[in-house]
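>>> Sharing a sequence plus its predicted fold:
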Amino acid sequence: MNEVLEKLPRHLLNLVVDQPYNEYTAQDHALWQYVMRQNVRYLSRVAHGSYTDGLKQTGISIDRIPHMYGMNRILEYARKTNNKELSKKAESCLEEIISNFPDYAHLIENVREI
């Protein structure tokens, strides 16, 4: 068991799955790209500037579905360096992913438990 799973409450362990990243098709990535471009286009006009800054700082790609393990590393770095701004931006970006891809919400919830 890795350190992330060790921190997860035992009753949630049955919800943990590996992200099937290698199974994503070109169509999956194209859908992600379309949705994220729409989000960035719209939210860059109406949301706080930290939204687009947060995407850049957290490394969430507009062009490809992000690896959740990569998000784990980013969040861990933000916590270790006490970078509250980066933590908030990462959390905001994760919320955006959940709202657009609810089927993957369980993966996001696992990231938050770090």
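Here it is on my side, so go on.
>>> Quick check: pLDDT value at residue 58.
What the model reports for residue 58 is a pLDDT of 72.
>>> give me the low-pLDDT residue ranges for the protein?
1-2, 4, 69-75, 77-79, 82-84, 86-87, 89-91, 93-94, 97-98, 100-114 (pLDDT under 70).
>>> Let me see the ranges of the strands in this protein.
Secondary structure of the chain by DSSP state E: no strands are present.
>>> Only alpha carbons, please: show the helix ranked longest in the chain as CSV.
Longest among the helix segments of the chain by residue count, using DSSP state H, is helix 26-46. Taking Å, rounded to 0.1, in the frame of the first residue of the first chain, the C-alpha atoms of helix 26-46 are listed here in CSV:
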residue,chain,number,x,y,z
ALA,A,26,-8.0,10.0,-29.0
GLN,A,27,-11.7,10.8,-28.8
ASP,A,28,-11.5,10.9,-25.0
HIS,A,29,-8.7,13.4,-25.1
ALA,A,30,-10.4,15.4,-27.9
LEU,A,31,-13.5,15.7,-25.7
TRP,A,32,-11.4,16.8,-22.8
GLN,A,33,-9.7,19.4,-25.0
TYR,A,34,-13.1,20.7,-26.3
VAL,A,35,-14.6,21.0,-22.9
MET,A,36,-11.5,22.6,-21.4
ARG,A,37,-11.2,25.1,-24.2
GLN,A,38,-14.8,26.1,-23.8
ASN,A,39,-14.2,26.5,-20.0
VAL,A,40,-11.1,28.5,-20.4
ARG,A,41,-12.6,30.7,-23.1
TYR,A,42,-15.7,31.4,-21.0
LEU,A,43,-14.1,31.5,-17.5
SER,A,44,-11.2,33.7,-18.5
ARG,A,45,-13.9,36.4,-19.1
VAL,A,46,-16.1,35.9,-16.1
